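# What would the 3D arrangement of this be:
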Amino acid sequence: MSLAGPSVVKNANVIDKDSFFKVAVKPDKPPSNNNIESNWAPTTLRPVPAFYPLERSTRLVEDPLEDVVARVSEANRVLSIHAVYCDETATASLLTAENVEMQLSLWKTGGPSLPEGIAVELQRRKGDSIAFHRYSRYILDAAVGDFDAEDYAETYGADYLDVVYSKKLQRILSLETLTQEASELENAIVALEIAHGLLMKDRMDARQLGLESLCLLTDPNKTGMGTALIASRVVLLGTSQDPDDVQHEDLLYDEGPFQEIRQTILSLVQLGRIGDGDAFQDETLMAEDDEHMTVLHNLALAVLANALDVIEKEEQYDTTPEDSKPAARHRLGSASSMCESFLEEAEAVSGHKEILKTLISELGKAGDKPHNACLSAKCIGSLCRASDKARKRAKELGAKAVVQTALEVGTRTHLKLEKECQKVITTLTTTRTD
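As a prediction, this is how the structure comes out:
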């Protein structure tokens, strides 16, 4: 028996296409008073087609359509999921920050085996299956009213999906001994050389794996403070050497691969390609290449955002006693000087193209690519907080107006983008007295 009910299936041997493409069943229940403002407003639902197997990631809801739609759209906003809604078919195409693509569909159900209601179905189209199940659990819980989006946002902020995972990692990392610093440095160098080897390959999947490795290496919550600092210096300056590290100054490494890592990141962020790019003649190959480059561009922005965040907060990660720090730290090793060196060298490496201008331009596309805009806002905020020169230049480039527009987009649809834009606006409007 179909979930659509016995009246829809006229003949067991014939699929009733009209009921799927043309017949829309209006909700029988009256609308309820819902205080949640929704970005999705379907007025009709299609019945479940005959011989259509629903995914296991499906929930049956007996609440009014307006309530279900409002809960789901609010959950997507809090989870910072880029959603493209279709009111006519009651569907939504979802894209997470981890590049997981999902299809959300609402169906009208009814019949002797199931009560009349709404079937909320989620399908994974691309991406990590584990990440998909994390998101689907929250979205489906929101559909039935078991997910308090406002409470979660207030408790955990925009990154609450990684809270439990990060706490477990921090607990493990806290058990590590700090007596093997040389070993940690050597392991970081080996990991960076492996990532470099992947980036230099011709295959797109290898390049993606290399960038994902750099995302992990520049995240102190996932790989440790020391490794994240080394990887961040490689990404920003093309070197693993700390200017005030006298303990490991006798350790010599080939800096050539690190320069190529920085060149690759800058090329992807500013030019949307690796090197001169590959010239495909076949249209299918060109389409696949563009799709892969979109993913690589997003990952490169994530690597850059992580690296700038680590350098900005380097002092809070530094466990060296204040009395034993060399004077060079305040001159050469500071976040301000490193960020300014990065801005100058990035412009020289990329053919006199300003990285700040590129990031502001990327932020201006928040309506179409909110994930990239969020990472760009994070980069701009880190640069402006660390360097007065970057802050002044961002104002000259009209960053404040662009950030304000992106903030409006984030307020409606993307919590992480909203939070990052608020930080940037605070940085640009605050008058420094030091």
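
# okay, and for the protein, where does confidence drop off?
Judged by pLDDT under 70, the chain has its weakly predicted residues at 1-37, 111-114, 153, 155-182, 242-254, 275-288, 315-333, 350, 352, 431-434.

# Longest helix in it, please.
For the chain, the helix that runs over the most residues, judged by DSSP state H, is helix 283-312.

# That one - contacts with which helices or strands?
In this structure, helix 283-312 packs against helix 204-217, helix 225-237, helix 256-271, helix 335-349, helix 370-386, with contacts taken as 3 or more CB pairs under 8 Å, 6 or more residues apart in numbering; DSSP states H and E. Placement of C-beta: from N, CA and C, glycine included.

# Please identify the most buried of those helices.
helix 370-386 (a mean of 27; mean count of other CB atoms under 10 Å).

# could you say what helices and strands it packs with?
Under the contact criterion of 3+ CB pairs under 8 Å, 6+ apart, helix 370-386 touches helix 283-312, helix 335-349, helix 355-363, helix 388-396, helix 399-413, helix 415-429.

# The same query, at a cut-off of 6 Å, please.
Where contact means 3 or more CB pairs under 6 Å, 6 or more residues apart in numbering; DSSP states H and E, helix 370-386 is packed against helix 283-312, helix 335-349, helix 355-363, helix 388-396, helix 415-429.

# nearest to T109, of those?
Checking those against T109 by CB to CB gives helix 415-429 as the closest, at 31.2 Å.

# just to revisit the earlier point, centre of the chain to the longest helix of the chain, how far?
On the basis of CA atoms, centre = their mean, to the nearest Å, helix 283-312 is displaced by 11 Å from the centre of the chain it belongs to.

# Domain map for the protein?
The record's domain split for the chain, according to automatic domain parsing, is 17-155, 183-320+328-429.

# picking up where we left off before, okay if I get the helices and strands packed on helix 370-386 as a markdown table plus distance to I130?
Listed next are the helices and strands packed on helix 370-386 as a markdown table, based on distance: least, CB to CB, whole Å:
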| stretch | distance to I130 |
| --- | --- |
| helix 283-312 | 18 |
| helix 335-349 | 34 |
| helix 355-363 | 28 |
| helix 388-396 | 37 |
| helix 415-429 | 20 |
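
# Can you say which of the ones you listed is nearest to A41?
In this view, the helices and strands packed on helix 370-386 are compared for proximity to A41 by CB to CB, and helix 415-429 is the closest at 20.6 Å.

# If you count contacts, what does that closest one end up packed against?
Contact here means 3+ CB pairs under 6 Å, 6+ apart; on that basis helix 415-429 packs against helix 370-386, helix 399-413.

# What residues of that helix count as buried?
Neighbour-count burial for helix 415-429, counted by 16 or more other CB atoms under 10 Å, picks out 415-425, 427-428.

# So what touches that helix?
The set of residues that contact helix 415-429 without belonging to it, under CB atoms under 6 Å, 6 or more residues apart in numbering, is 77-78, 80, 158, 370, 373-374, 377-378, 380-381, 384-385, 400, 403, 406-407, 410-411.

# Check stretch 399-412 too.
Under the criterion CB under 6 Å, 6+ apart, residues 360, 363-364, 366-367, 373, 417-418, 421, 424-425, 428 lie in contact with stretch 399-412.

# re earlier: dump the helices and strands packed on helix 415-429 into JSON lines; add distance to E345 as well.
What follows is those, written out as JSON lines (distance: least, CB to CB, whole Å):
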{"stretch": "helix 370-386", "distance to E345": "14"}
{"stretch": "helix 399-413", "distance to E345": "21"}
